[in-house]
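A.B. asks: fold the following, please.
(one chain, ligands or ions: 1)
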Amino acid sequence: MYDIHCHICYGCDDGAEDLETAVRMVALASEKGTRGIAVTPHCNVPGSYTNYWSGELAAKIDTLRSAVEERGIDAEIYPGQEIFCTSGAAGLLESGKLITLNNSRYPLVEFDFYEYSDSVYAKLRELVSKGYVPVVAHPERYAFISEERDAAAILKSMGCLLQINKGSLDGRFGPAAYFAADDIMRRHLADVIASDAHSPYMRTPDMRHIHEKVCEEYSYEYADILFEQNPLRILEDRETVTF
Ligand SMILES: [Fe+2]
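C.D. replies: Just a heads-up that it's a prediction; the model follows:
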């Protein structure tokens with residue numbers, strides 16, 4: 001499996017607080033069958049985490065990669081960010097203050113949970129018009145997705161990809177997120193599942209049990225696309241596949 005959404009940029013956000021914790025998270029993911037993980041700190045959040053791309057962030061990722069290698073943990077570490085999408089995000093990507101997943105065409109973007117759909121569409125349209133393929137993080141957690149049944153399909157028709165959180169499928173984020181995630185899955189609108197892990201104890205990067213659940217409740221073929229094929233294609237800047 002490959003995990004394109006994980007808060008292991010230690011000391012950057014509300015994820016791993018130090019290097020040791022980040023390494024433990026990578027070790028757990030690897031034990032459970034994850035072969036590659038993108039480091040995706042929250043960034044560009046107004047009044048909160050800025051985390052613009054810098055030599056310091058790049059050095060942190062290098063340090064994490066070295067620590068993972070030194071301990072013999074079998075997992076590739078990729079650079080990335082979870083971008084809080086604002087109307088200026090495309091310009092910030094072009095200027096290098098924000099980065100995509102492993103410098104591909106795919107930025108991982110999030111929104112305020114209560115943002116209106118029209119505002120979300122306008123911001124995503126701007127990214128698409130600049131040639132990016134936005135990967136919308138946890139769409140099932142946004143109010144407008146639950147309230148407007150066509151919203152997930154509209155995001156897809158605009159050229160975006162949808163990344164479901166593993167925690168939504170086991171009910172961790174409540175019934176609304178669960179039902180929205182299930183609906184997106186049943187309509188085969190999901191492109192990738194990721195951990196959105198924040199710690200080695202709660203919201204962990206262990207995706208094995210959700211992989212098994214997706215195999216049982218949806219299909220083995222769809223699970224292969226969501227956990228293996230598409231996340232790797234995103235990290236390698238290749239076209240994704242649909243089910
Ligand atoms: Fe996240």
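
A.B. asks: residue with max distance from the center of this structure?
C.D. replies: Most distant residue from the mean C-alpha position of the chain: E70, 26.2 Å away (Cα atoms, centre = their mean).

A.B. asks: nearest spatial neighbour of G159, skipping sequence neighbours?
C.D. replies: V128 (4.8 Å; Cβ to Cβ, 6 or more residues apart in numbering). For glycine as for every other residue, the C-beta is placed from the backbone atoms N, C-alpha and C.

A.B. asks: what does whatever helix or strand that neighbour lives in rub up against?
C.D. replies: Assigned by DSSP states H and E, V128 belongs to helix 117-129. Residues from elsewhere that reach helix 117-129 (Cβ atoms under 8 Å, 6 or more residues apart in numbering): 85-87, 89-90, 93, 107, 109, 111, 134, 136, 142, 144, 148, 151, 154-155, 158-160.

A.B. asks: buried sites along that helix?
C.D. replies: Of all the residues in helix 117-129, those buried under the rule 16 or more other Cβ atoms under 10 Å are 117, 120-121, 123-124, 126-127.

A.B. asks: direction included, what does whichever helix or strand comes after that helix pair up with?
C.D. replies: Using DSSP H and E, the helix or strand that follows helix 117-129 in sequence is strand 135-137. Its sheet considered, strand 135-137 pairs with strand 108-110 (parallel), strand 161-165 (parallel) by DSSP bridges.

A.B. asks: in strands only, show me the contacts of helix 117-129.
C.D. replies: Among those, the ones falling in strands (DSSP state E) are 109, 136.

A.B. asks: now the buried members of the contacts of helix 117-129.
C.D. replies: 85-86, 89-90, 93, 107, 109, 111, 134, 136, 142, 144, 151, 154-155, 160.

A.B. asks: and which of those residues is nearest the ion?
C.D. replies: Using Cβ to the ion, V109 comes nearest to the ion of the buried ones among the contacts of helix 117-129, at 10.7 Å.

A.B. asks: show the pLDDT at the closest one.
C.D. replies: V109 carries a pLDDT score of 98 in this model.

A.B. asks: what's the answer for the one 3 residues further on, then?
C.D. replies: If you check D112, the pLDDT there is 97.

A.B. asks: count the residues that sit near it.
C.D. replies: If you count neighbours by other Cβ atoms under 10 Å, D112 ends up with 14.

A.B. asks: again, but for R186
C.D. replies: Neighbour number of R186 under other Cβ under 10 Å is 11.

A.B. asks: with adjacent residues omitted, what lies nearest to it?
C.D. replies: Y218 (7.7 Å).

A.B. asks: how near is the one you found to A177?
C.D. replies: 17 Å (Cβ to Cβ, to the nearest Å).

A.B. asks: near the ion, which residues of this protein?
C.D. replies: Within the chain, the positions near the ion by Cβ under 5 Å from the ion are 82, 196.

A.B. asks: quick one: the strands in the chain?
C.D. replies: Going by DSSP E, the chain shows strands at 2-3, 36-39, 42-43, 76-79, 82-84, 108-110, 135-137, 161-165, 192-194.
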